[in-house]
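Asker: Provided below are the primary sequence and the corresponding predicted coordinates.
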Amino acid sequence: MAEAQTQLLDKIEYPRDLRKLSEKELPDVCTELRNYIIREVSSNPGHFGASLGVIELTVALHYVYQTPYDQLVWDVGHQAYGHKILTGRRKKFHTNRRIGGISGFPKIAESEFDAFGVGHSSTSISAALGLMLAAKIKGETDRKVVAIIGDGAMTGGMAFEGLNNAATSNSDILVILNDNNMAIDPAVGGLNNYLVQMQTSPAYNRLKSDVWKILGKLNKVGPKARQVLQQHQHALKSVLLRNSNLFESFGFRYFGPVDGHDVNAMVKILSDLRNIEGPKLLHVITKKGKGFAPAEENATKWHAAPGKFDIRTGEVFVDMPLKPSAPKYQDVFGKTIVELAEKNEKIAAITPAMPTGCSLNLMMQKMPERTFDVGIAEQHAVTFAAGLAANNLVPFCNIYSSFMQRSYDQIIHDVALQNLNVVLCLDRAGLVGADGATHHGVFDLAFLRNIPNLTVSAPMDEIDLRNLMYTAQLPDMGPFSIRYPRGKGVHVEWDVPFSEIPVGKGKEIAQGTDVAVLSIGHPGNFVKEATETLNNENISVQHYDMRFVKPLDTEILDSVLAKFDKVITVEDGVINGGFGSAVMEYLMEKGYSGKFKRLGIPDRFIDQGTPEELYRECGFDSDGICWEIRDMI
């Protein structure tokens, strides 16, 4: 690919500049915008395939709608790079996902063009409905609101809740279903099969042109004639495509499917729809990764750029390590679950649309009958796991920590209350880096530790991860959670024989006399590094890896109570209500009166940056731990 040309893009600072161009120029704008994103992401990796797939749709939306007065809500938001570039952020786009830079997702505080902050899936319809009805209450009857949601996100139950409510409100809302047959991995489930049927039905596609002719007539006739035409349109669809009224059964007028890569056709369609009253759904067919061959061929790999890459060949630039490195925690999980499932035929595994991300694809390949991708449906995933456990299976339900928040009621009501042996595996726990505030998995220790019956654990390294997984599937374990971070562990030789970890028992890492440091999870490695540094300064640190937030190792805590008047806790979760709070509660109940300090995530949302930058910002990297210990003694 040659150097990206930006003659037209250079004229566009905001959508009002885009709207000054002729429709004939829009295909060239799309080409320039697509190439610009490819070039920028090749040197500053981020979400990739989804944004390339909606270039024409993005340009058409900003060309037709009077943004920011008209409001766009992008579901999840990883497809909004083109939107950001066209709305005043092109000069800042090189800071995308970097500390102090722009967010990788739409964010209200960042731009008036970001009508609603997003990051988790399936929220757009509900948010757009709120925006639309607020406009109605305020008398802004000319304001339009559009929700853009992918077929993967449409599988989330909240999307259907939004559809159901939006239809009864009779609000002038447009939902655009961006259908590329993908989430991160290929889309699954009944809705996906239904959408494929709609795309491939010859009868229905022959009808499309007639439907658009009817659509054009609707704006030229009176209300009664319009109602008759609409009734005929719905009847024709039902006759020619069985079950075609899925969205219309919610009360939405359905249009499509249409080619989402024909920008001029999209402008025409959106212009027509803009003038039609009531709730509408436009079904748009796109190709994830459009315009970059490697991303088109392997959409899962290129959902986010796998690193810096050559824009001509797609070759990813990889720094070869000088020596063998530790594996990623997710890969240790993926290989370990296969090993355990081979030994225990009761083990099943569940993921909500993240088989590759959490490495359950390994078990899915070997044991497809016991591995389930349930789509973007975290609540369903947990209760489905509970159902398996109620019939004496041992389900491992793997959900990113940030997304596990969405299934809190199910954890309490369907798993813990019934004391079922569901193993909740929280991937991407802690500070995940460039994805920022919407994706940091920092709340789980606090919101899980107050649930009865639930064991809450976090390994300091990959070996403990393996052994906690082994322990969790043993008989009579009950509900069990294991949380682990994104990124690499610490051991090259991690594939060791399994051993049971006594529930509620921590381990001593280092002996000392000046201060006791109690850690949970991977940050124990930062404490270990800090301890070694302080030893050279004649500061003696007693370090315990507690392993469990619930139940706490009270033997260790009683020992600390008896020997130390200076105690520090370290965690990569929120300080308020988290691991440190649990330790402090116990010590205070026992009459502790010494100095106590909790290190972790402060009471604010943490923006994007590298994990190392964010650990430093929050004060619990090894340098921060050293500073706190020096200050305390």
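Answerer: Happy to help now that I have it.
Asker: Spatially central residue for the chain, please.
Answerer: The residue lying closest to the centre of the chain (Cα atoms, centre = their mean) is H120, at 5.2 Å.
Asker: so that residue touches M404, yeah?
Answerer: No: with contacts counted by Cβ atoms under 8 Å, H120 stays clear of M404, the gap being 11.2 Å. Every C-beta, even on glycine, is put in place using the N, C-alpha and C of the backbone.
Asker: just to revisit the earlier point, and the residue nearest to the centre of the chain, what does it touch?
Answerer: For H120, the contact set (Cβ atoms under 8 Å, 6 or more residues apart in numbering) comprises 76, 402-403, 406, 438.
Asker: same thing with T455?
Answerer: Taking Cβ under 8 Å, 6+ apart as the test, what T455 contacts is 472, 477-481, 503-504, 548, 550-551.
Asker: Looking at these, which are in helices?
Answerer: A472 (DSSP state H).
Asker: between the contacts of T455, which is nearest E110?
Answerer: S481 (33.7 Å; Cβ to Cβ).
Asker: wait, what's in contact with the closest one?
Answerer: By Cβ under 8 Å, 6+ apart, the neighbours of S481 are 423-426, 444, 448, 454-457.
Asker: And those, which two are furthest apart?
Answerer: So, the contacts of S481 by Cβ to Cβ: farthest apart are V423 and D444, at 14.3 Å.
Asker: wait, isn't V76 in contact with F116?
Answerer: No: using Cβ under 8 Å, V76 makes no contact with F116, being 11.7 Å away.
Asker: Between those two, which is the more surrounded one?
Answerer: Remark: of V76 and F116, V76 carries more neighbours, 26 against 22, as counted by other Cβ atoms under 10 Å.
Asker: Excluding chain neighbours, what is closest to T168?
Answerer: What sits nearest to T168 in space, not counting adjacent residues and going by Cβ to Cβ, 6 or more residues apart in numbering, is G251, at 6.7 Å.
Asker: List the contacts of that neighbour.
Answerer: Neighbours of G251 in contact, by Cβ under 8 Å, 6+ apart: 166-168, 170, 279.
Asker: and what of G104?
Answerer: 46-47, 77-78, 96-97, 434-436, 608 are the contacts of G104 under Cβ under 8 Å, 6+ apart.
Asker: among those, which are in helices?
Answerer: Going by DSSP H, the helices hold none of these.
Asker: I'd like those residues laid out as CSV, including pLDDT, neighbour count and distance to A304.
Answerer: Shown next, in CSV, are these (pLDDT from 0 to 100; neighbours: other Cβ atoms under 10 Å; distance: Cβ to Cβ, whole Å):
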residue, pLDDT, neighbour count, distance to A304
G46, 92, 20, 6
H47, 92, 24, 5
G77, 93, 28, 13
H78, 93, 24, 8
N96, 94, 22, 12
R97, 95, 23, 10
A434, 94, 24, 9
D435, 94, 23, 9
G436, 95, 22, 13
Q608, 96, 28, 13
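Asker: I'd like these written out as a markdown table, with distance to G289 added.
Answerer: A markdown table is the format used below for those (distance: Cβ to Cβ, whole Å):
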| residue | distance to G289 |
| --- | --- |
| G46 | 14 |
| H47 | 11 |
| G77 | 17 |
| H78 | 13 |
| N96 | 18 |
| R97 | 19 |
| A434 | 20 |
| D435 | 19 |
| G436 | 23 |
| Q608 | 23 |
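Asker: Show me those that map onto strands.
Answerer: Mapping those onto strands (DSSP state E) picks out no residues; all lie outside.
Asker: which SS class is R598?
Answerer: strand (DSSP: H, G, I helix; E, B strand; the rest coil).
Asker: Give me the neighbour count for it.
Answerer: By the measure other Cβ under 10 Å, the count of residues near R598 is 20.
Asker: do N344 as well
Answerer: Neighbours of N344 (other Cβ under 10 Å): 13.
Asker: If you drop the residues flanking it in sequence, what lies closest to it?
Answerer: In space, N344 is closest to Q473, 5.9 Å off (Cβ to Cβ, 6+ apart).
Asker: where does the stretch 301-450 of the chain dip in pLDDT?
Answerer: 321-322 (pLDDT under 70).
Asker: Show me the helices in it, by range?
Answerer: Remark: helices assigned in the stretch 301-450 of the chain by DSSP state H, counting those that start in this stretch are 329-343, 361-366, 378-390, 401-404, 408-410, 444-448.
Asker: of all those helices, which lies closest to E110?
Answerer: Closest among those, once you apply Cβ to Cβ, is helix 401-404, at 19.5 Å.
Asker: I'd like the contacts of G251 as JSON lines, with neighbour count appended.
Answerer: Shown next, in JSON lines, are the contacts of G251 (neighbours: other Cβ atoms under 10 Å):
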{"residue": "A166", "neighbour count": "24"}
{"residue": "A167", "neighbour count": "21"}
{"residue": "T168", "neighbour count": "10"}
{"residue": "N170", "neighbour count": "11"}
{"residue": "P279", "neighbour count": "23"}
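Asker: Which members of those occur in helices, if any?
Answerer: Short answer: these in helices (DSSP H) are 166-168.
Asker: For those residues, could you give me TSV that also reports distance to F498 and pLDDT?
Answerer: Below are the ones in helices among the contacts of G251 laid out as TSV (distance: Cβ to Cβ, whole Å; pLDDT from 0 to 100):
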residue	distance to F498	pLDDT
A166	51	92
A167	53	86
T168	54	85
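Asker: Low-confidence regions, the chain specifically.
Answerer: For the chain (pLDDT under 70), the answer is 1-4, 182-245, 321-322.
Asker: Domain boundaries for the protein, per the record?
Answerer: What automatic domain parsing lists as the domains of the chain is 9-201+247-297, 202-240, 329-485, 507-632.
Asker: Out of the ones you listed, which is the most enclosed?
Answerer: Here the criterion is mean neighbour count by mean count of other Cβ atoms under 10 Å, and of the domains of the chain the winner is domain 329-485, at a mean of 22.
Asker: Which parts of the stretch 1-150 of the chain are helices?
Answerer: Using DSSP H, counting those that start in this stretch, helices in the stretch 1-150 of the chain cover 15-18, 26-43, 49-53, 55-64, 81-84, 124-137.
Asker: outside of the second one, which residues touch it?
Answerer: Going back to what we said before, that points to helix 26-43. With Cβ under 8 Å, 6+ apart, helix 26-43 has contacts from 1, 3-9, 12, 18, 21, 48, 51-52, 55-56, 58-60, 63, 81-82, 85-86, 90, 93-94, 96, 263-264, 267, 290-292, 305, 308-311.
Asker: quick one on the thing from earlier: can you say which of the helices of the stretch 301-450 of the chain is nearest to L468?
Answerer: Among these, the nearest to L468 by Cβ to Cβ is helix 329-343 (9.7 Å).
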